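A.B. asks: Below are the sequence and a predicted model for it; my questions follow.
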Amino acid sequence: MTEEELRALEAAYCSWGDAVHSADPPKIFEWCQGCFLYDSGATAYLDLQMASATASFGYRNQRLIQALKARLDQLPQLGSHYLHADRIEVSARIARACERIFQRKGRVLFNVGGAGAVEEAIKLVRNYTGKNAGFAFMGGYHGRTLGTSAITSSYRYRRRYGHFGDRAQFIPYPYCFRCFYELKRESCGLYCSRQFEKLFDTEYYSVWDPRAQECEFGAFYMEPLQGTGGYVIPPKDYFVGLKKILEERKILLVDDEVQMGFFRTGKFWAIEHLGITPDIILFGKTLTNGLNSLSGLWAAEEIINPKVFPPGSTYSTYAANPQAMALALEVLKLLEEEDYEKKVSDKGTYFLGRLKELQKKYPQIMGDVDGRGLALRIELCKEDGITPNPELTQRISQEGLKGDLETDGKKYGLVLNIGGYFKNVFSLSPSFEITRDEMDLAVDLFDQLMQRSLR
Ligand SMILES: Cc1ncc(COP(=O)(O)O)c(C=O)c1O
């Protein structure tokens, strides 16, 4: 079938309710390799979003594909109510990593899709604390199921359907480039943190009963670096303060690492950068390189031990499927064999340095360029250096998908993910295996797109 025929069929028979029609026309890709996607014309599109930050070890990573093939030949399927060795080993490796990092014993539970893991966390919190409501951050993203959209900030995701469960109380994230309180980090004295703590001063601020010394909210759901919110990198001090406020009031901290876990930021867990210990950690994406929809959580022993969370408390048919576990085990082995902390941090430093050089050419328009490991952001603004520029962001993204950029006589495209509170941020999650040449190519292609789109 030609692309035109495929597009006509898609327009007639596929729902438009998902995100495909954000691009006009929707893009069709045929194959992938390493850091590149290819269309039918064999144009190479350098991908800086890697299947929504899942394919961290590159597309068609042969070691992972071999692990999956071996599993297909041996135990391709098994009901999630039975055990197999890899499932146990994957759980133990993650739990031991948490023990080493946080000196805390815990257990691991699996589900499918990031939102599936978040749903499990909501259950654990409700079961353990007896409280339905939670705090969450403005700009936070935890999924689009009816349960998770109650703790994801955008009303847009709830407007058509409502939601199950108590809608979270949303608190401003420490997004210092675009401070909610319009303050400057150098002089704010963490005003936002004080504003949050003030909520507990009197019962009249709606969350705290001073007589019972009890909060109405069981947990605070947070991302250690906001993903969909536009790769917002928070200051460490804020979270050290937040953790203290929560601990003193017996409010659990749920750390959503679905996007940032497994070294995306240069640490096993991104929360390590913040110097605090969570009670529950959620993960997915990178754990299978995006080759399976596996997700899961780690929870501290007191929250998940078999006495408080007994057999049958939860279940999903594909939760711990053996194909996912073969991939996850191979990913965890990869992470143990090589120093990914150094690898990701070094590459991130190089890429950020190159992007900051480019920023000098467009100092106002590239209003903020920042990164932690290989989670990088470019926030585009108008000439005043602060007003969001979503139109330019959209134009650049569309131009990148045309595949008509040229370098050294070769045709390229650039695949960019748009995020951010105002849809004016490119959140970059390149492969951990990206080379310096590929990072240089990315900067060159982005520069070409800027020149073309600013005309
Ligand atoms: C931090 C975070 N949590 C949860 C989710 C939801 O994951 P899924 O789309 O697999 O349901 C995402 C997705 O991007 C995410 O970034």
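C.D. replies: Arrived safely.
A.B. asks: count of residues packed around the residue in the stretch 101-250 of the chain that the ligand sits nearest to?
C.D. replies: Closest residue of the stretch 101-250 of the chain to the ligand, CB to the nearest ligand atom: Gly114 (2.1 Å). (Glycine included, C-beta is placed from N, CA and C.) Using other CB atoms under 10 Å, Gly114 is surrounded by 28 other residues.
A.B. asks: quick one: buried residues of stretch 116-128?
C.D. replies: For stretch 116-128, a neighbour-count test (16 or more other CB atoms under 10 Å) marks 116-122, 124-126, 128 as buried.
A.B. asks: any residues touching it, and which ones?
C.D. replies: Residues outside stretch 116-128 that contact it (CB atoms under 8 Å, 6 or more residues apart in numbering) are 109, 111, 131-132, 134, 142-143, 145, 147-148, 151, 165, 218-219, 221, 252, 254, 256, 258, 280, 282-284, 295-297, 299, 302-304, 308-309, 313-314, 316, 319.
A.B. asks: any idea of the mean pLDDT for it?
C.D. replies: Average pLDDT, stretch 116-128: 98.
A.B. asks: May I have that stretch exported as PDB, CA atoms only?
C.D. replies: This file holds the C-alpha atoms of stretch 116-128, laid out as PDB (Å, rounded to 0.1, in the frame of the first residue of the first chain):
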ATOM      1  CA  GLY A 116      -0.800   0.600  35.800                       C
ATOM      2  CA  ALA A 117       2.100   1.000  38.200                       C
ATOM      3  CA  VAL A 118       0.700   4.300  39.500                       C
ATOM      4  CA  GLU A 119      -2.700   2.700  40.100                       C
ATOM      5  CA  GLU A 120      -0.900   0.000  42.200                       C
ATOM      6  CA  ALA A 121       0.700   2.800  44.200                       C
ATOM      7  CA  ILE A 122      -2.600   4.500  44.800                       C
ATOM      8  CA  LYS A 123      -4.000   1.100  46.100                       C
ATOM      9  CA  LEU A 124      -1.000   0.600  48.400                       C
ATOM     10  CA  VAL A 125      -1.300   4.100  49.800                       C
ATOM     11  CA  ARG A 126      -5.000   3.800  50.500                       C
ATOM     12  CA  ASN A 127      -4.500   0.300  52.000                       C
ATOM     13  CA  TYR A 128      -1.700   1.400  54.300                       C
END
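A.B. asks: The longest helix belonging to the chain: what's the following helix or strand?
C.D. replies: As assigned by DSSP state H, the longest helix anywhere in the chain is helix 340-361. Counting by DSSP states H and E, the next helix or strand C-terminal to helix 340-361 is strand 366-372.
A.B. asks: now the angle from that following strand to helix 340-361?
C.D. replies: Orientation check (axes from the mean of the first three to the mean of the last three CA atoms, to 10 degrees): strand 366-372 against helix 340-361 gives 170 degrees.
A.B. asks: What is strand 366-372 packed up against?
C.D. replies: Judged by 3 or more CB pairs under 8 Å, 6 or more residues apart in numbering; DSSP states H and E, the packing partners of strand 366-372 are helix 340-361, strand 375-380.
A.B. asks: Now do the longest one: which elements does it pack against?
C.D. replies: Helices and strands touching helix 340-361, by 3+ CB pairs under 8 Å, 6+ apart, are strand 366-372, strand 375-380, helix 436-454.
A.B. asks: residues in contact with it?
C.D. replies: The contact list for helix 340-361, computed with CB under 8 Å, 6+ apart, reads 263-268, 366, 369-376, 378, 428, 430, 432, 434, 436, 439-440, 442-443, 446-447, 450.
A.B. asks: Just want the phi and psi numbers for Phe137.
C.D. replies: Dihedral pair for Phe137: phi -100, psi 150, per degrees, to the nearest 10.
A.B. asks: Kindly state the pLDDT recorded for the nearest residue to it once chain neighbours are set aside?
C.D. replies: Among residues not flanking Phe137 along the chain, Tyr173 sits closest, at 4.3 Å (CB to CB, 6 or more residues apart in numbering). Per-residue confidence (pLDDT) for Tyr173: 98.
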